[in-house]
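**Student:** Let's see this in three dimensions:
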Amino acid sequence: MSASRQVLLAHGNGGRLMRELIDELFARHLGNPQLDTHADAVTLAWPNPELVVTTDGFTVQPLEFPGGDIGSLAVHGTVNDLAVALATPVYLALNVFIEEGFDLDRLDRIVASLARAARECGVRVVAGDTKVVPRGQGGGLYLATTGIGRRARALHLRLDRIAPGDRILVSGPLGDHGIAVLLAREEFGLSGELVSDAAPVLGLTQALAPLPGLRFMRDPTRGGLATVAHEIAHARGVEVRLRESSIPVRPAVRGACEMLGYDPLYLACEGRVVAVVAPQDADAALAAWRALPEGREAAILGRVLEGRPRVVLETELGGERLLDELEDDPLPRIC
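**Tutor:** Coordinates of the predicted model:
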């Protein structure tokens, strides 16, 4: 655990401090055979098909941003955690925390967006609760969700299936969500037409499900691609190498990052998938994604090697750079 006895913003960024908080505090008290702190969704003991459950919280600021809002984001974020576990989302439970004084017309608009996203994703909100907190004790609106999906017993993806030689793919450009939300805050006098990538990824995950060499999938939310790469490296004791020239990043995202000092590899995505596949299936996985509208810019961007656990970026200039684990939270309240 960190030497600090206070919770920091960095404890929620997906990086080292968050991993330590989960493993050394929550898992220490709540640990049981079904609590997998390295998974976005966990399988429940149930007759075939299995039930898969996930839970999440959403504190994004601003509540409405180009390409989405906290309502649609809550649906997409929850169903995507099920989708990367190869589960078909079915049900959602919703908890709403509203700050006193929140505009009811705005709340109506956000809930309508949430309902629309749920219908588009084929899930039903079947339970929920509402709490109102005193003025000044909340950020306007927070949402917490639980998602339940169904999965055939034969379909299991785990970090421990990853092996040296495997290839790493991403389904589309990185950093769109993080920069779209950042620009919507209007803190830096910047503006642009970039929209969040927030969207369901079920089509992307189902496209890879038939591949026998599919090892693992993750949606790179908090901490972005670099944090997923570190998760792989530390869980398997391997080196992860990424090729900078193969990593898709939109010019608008790259430009904003250069001006503001951010690295797109650490920025949250809300409609992308990182997949690890056996080398013989990498080209088939890429073709399957590029055949979909949401996967046209997919890329093979890295590989897994034997070696000490670390993440290495092969730069466009021919050099190498070690990618550190995320420590501080560069963009709090991004999802």
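
**Student:** Might you list the low-confidence residue ranges for the protein?
**Tutor:** Confidence mapping of the chain against pLDDT under 70 gives the ranges 1-5, 7, 9, 11-14, 26, 30-35, 40-45, 153-154, 187-191, 329-330.

**Student:** Name the nearest residue to the residue nearest in space to the middle of it, ignoring sequence neighbours.
**Tutor:** Centroid-nearest residue in the chain, with Cα atoms, centre = their mean: Thr221, separated by 2.6 Å. In space, and not counting its chain neighbours, Thr221 is closest to Ala268: 5.1 Å by Cβ to Cβ, 6 or more residues apart in numbering. The way it works is simple: take the backbone N, C-alpha and C, and place the C-beta from them, glycine included.

**Student:** which residues touch the one you found?
**Tutor:** Residues counted as contacts of Ala268 (Cβ atoms under 8 Å, 6 or more residues apart in numbering) are His177, Gly178, Pro220, Thr221, Arg222, Gly223, Gly224, Leu331, Ile334, Cys335.

**Student:** redo that, cut-off 10 Å
**Tutor:** For Ala268, the contact set (Cβ atoms under 10 Å, 6 or more residues apart in numbering) comprises 13-14, 60, 77, 174-179, 181, 196-198, 219-224, 227, 331, 334-335.

**Student:** Just to be sure, it is in a helix?
**Tutor:** No. Assessed with DSSP: H, G, I helix; E, B strand; the rest coil, Ala268 is coil; it does not lie in a helix.

**Student:** show me where the stretch 1-150 of the chain has helices.
**Tutor:** For the stretch 1-150 of the chain, the helices defined by DSSP state H, counting those that start in this stretch cover 16-21, 27-30, 70-83, 104-121.

**Student:** closest one to Asp166 among the ones you listed?
**Tutor:** With Cβ to Cβ as the measure, helix 70-83 is the member of the helices of the stretch 1-150 of the chain nearest Asp166 (20.5 Å).

**Student:** quick one on the thing from earlier: out of the helices of the stretch 1-150 of the chain, the one nearest His234 is which?
**Tutor:** helix 16-21 (8.3 Å).

**Student:** Report the backbone C-alpha coordinates of that closest one in PDB.
**Tutor:** The C-alpha coordinates for helix 16-21 follow below in PDB (Å, rounded to 0.1, in the frame of the first residue of the first chain):
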ATOM      1  CA  ARG A  16      -0.400   0.900  -9.500                       C
ATOM      2  CA  LEU A  17      -2.100   2.600  -6.500                       C
ATOM      3  CA  MET A  18      -5.500   1.400  -7.600                       C
ATOM      4  CA  ARG A  19      -4.200  -2.100  -8.000                       C
ATOM      5  CA  GLU A  20      -2.700  -2.000  -4.500                       C
ATOM      6  CA  LEU A  21      -5.800  -0.500  -3.000                       C
END
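
**Student:** who does it touch, helix- and strand-wise?
**Tutor:** helix 224-236 (3 or more Cβ pairs under 10 Å, 6 or more residues apart in numbering; DSSP states H and E).

**Student:** can you pull the buried residues of the helix it packs on?
**Tutor:** Under the neighbour-count criterion of 16 or more other Cβ atoms under 10 Å, helix 224-236 has Gly224, Leu225, Ala226, Thr227, Val228, Ala229, His230, Glu231, Ile232, Ala233, His234, Arg236 buried.

**Student:** cool, stretch 114-126 as well?
**Tutor:** For stretch 114-126, using 16+ other Cβ under 10 Å, the buried residues are Leu114, Ala117, Ala118, Cys121, Val123.

**Student:** Could you pull up the contacting residues of the fourth one?
**Tutor:** Going back to what we said before, that points to Cys121. Counting by Cβ under 10 Å, 6+ apart, Cys121 makes contact with 72, 75-76, 78-80, 82-83, 89, 92, 147, 199-200, 202.

**Student:** how close does it sit to Ile22?
**Tutor:** To Ile22, Cys121 is 27 Å away according to Cβ to Cβ, to the nearest Å.

**Student:** who touches Gly255 in this structure?
**Tutor:** Contacts of Gly255 (Cβ under 10 Å, 6+ apart): Ile179, Leu190, Gly192, Leu194, Val249.

**Student:** Need those residues in TSV (columns: distance to Ala278).
**Tutor:** Listed next are the contacts of Gly255 as TSV, based on distance: Cβ to Cβ, whole Å:
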residue	distance to Ala278
Ile179	33
Leu190	42
Gly192	39
Leu194	35
Val249	26
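
**Student:** Select from those the one having the most neighbours.
**Tutor:** Ile179 (30 neighbours; other Cβ atoms under 10 Å).
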